[in-house]
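Visitor: here's my sequence, what's the structure:
(3 chains)
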Amino acid sequence: MSHWLLKSEPDVFGYPDLERVGREPWNGVRNYQARNFLRQMMVGDLCLFYHSRSKAPGIAGVARITRAAHTDDLQFDPASAYFDPISDPQQPRWSMVEVEAVQAFPEVLTLDTIRALPEWETSPLTRKGARLSVLPVTAEQFGAALTAAGLNAVGLERAARP
DNA sequence: GCCAACGTTGGC
DNA sequence: GCCAACGTTGGC
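Guide: The predicted model follows:
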């Protein structure tokens, strides 16, 4: 199983929103590197749900991939902000996955705290000017984040298994 | 294929 | 709201 980190602006769609709706299509990703990571995701992979552009940026909870990469319909919807006039329906450029809420963190694990974790030193997340909205996370980084949040990483991974 | 201009991201 | 960092675009 792989681990990932997904960024979302809590003002637009935060972890509480994911808990409310249960499952949510992760669409609107329009960056090739991020898209390529989406395409590597497999059902059951766990994701850290990160709040960006917020007063307290950080990880708010854990999500699980419930559907592997498939065509992001918004790229063909002229009314959508994510419309891509260049995309060819025969060979769609953009993909989306589907995620569900697994476990909220007791409180948001702040970026400052994440930066202080040795496992996260090499992550693109903690690099200045980081813009990647979907990024891979090592098992060590995932475990360190859960431990720092006060959760039992092993227990959660077991419980999250479908 | 270079690179300046532009638009967007995201911490602060 | 500011601005640095980054990805993308498009003229040449």
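
Visitor: what parts of chain A come near DNA strand B?
Guide: Within chain A, the positions near DNA strand B by Cβ under 7 Å from any atom of the strand are A:7, A:9, A:52-54, A:57, A:111-112, A:129-133. Glycine gets a C-beta too; all of them are placed from N, C-alpha and C.

Visitor: of those residues, select the buried ones using a ChimeraX command.
Guide: Of those, the buried ones go into a single ChimeraX selection, burial set by 16 or more other Cβ atoms under 10 Å:
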select /A:7,52,54,57,111,133
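
Visitor: for the residue in chain A that DNA strand C sits nearest to, helix, strand, or coil?
Guide: Nearest residue of chain A to DNA strand C: A:G129, at 2.3 Å (Cβ to the nearest atom of the strand). Three-state call for A:G129 (DSSP: H, G, I helix; E, B strand; the rest coil): coil.

Visitor: ok so, going back, list the ones among the residues of chain A next to DNA strand B that fall in helices.
Guide: The members of the residues of chain A next to DNA strand B that map onto helices under DSSP state H are A:L111, A:D112.

Visitor: would you convert the residues of chain A next to DNA strand B into CSV that also reports distance to A:S87 and pLDDT?
Guide: Formatted as CSV, the residues of chain A next to DNA strand B follow (distance: Cβ to Cβ, whole Å; pLDDT from 0 to 100):
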residue, distance to A:S87, pLDDT
A:K7, 23, 98
A:E9, 24, 96
A:S52, 25, 96
A:R53, 26, 94
A:S54, 30, 94
A:P57, 31, 96
A:L111, 33, 96
A:D112, 39, 96
A:G129, 28, 85
A:A130, 26, 86
A:R131, 21, 91
A:L132, 21, 95
A:S133, 19, 96
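
Visitor: in chain A, which ranges drop under the pLDDT threshold?
Guide: Applying pLDDT under 70 to chain A picks out residues A:161-162.

Visitor: and the helices in it?
Guide: Taking DSSP H as the test, the helices found in chain A are A:10-13, A:15-21, A:32-40, A:111-116, A:139-148, A:153-160.

Visitor: output these as JSON lines; include the columns distance to A:H70.
Guide: Below are these laid out as JSON lines (distance: least, Cβ to Cβ, whole Å):
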{"stretch": "helix A:10-13", "distance to A:H70": "19"}
{"stretch": "helix A:15-21", "distance to A:H70": "19"}
{"stretch": "helix A:32-40", "distance to A:H70": "10"}
{"stretch": "helix A:111-116", "distance to A:H70": "31"}
{"stretch": "helix A:139-148", "distance to A:H70": "25"}
{"stretch": "helix A:153-160", "distance to A:H70": "22"}
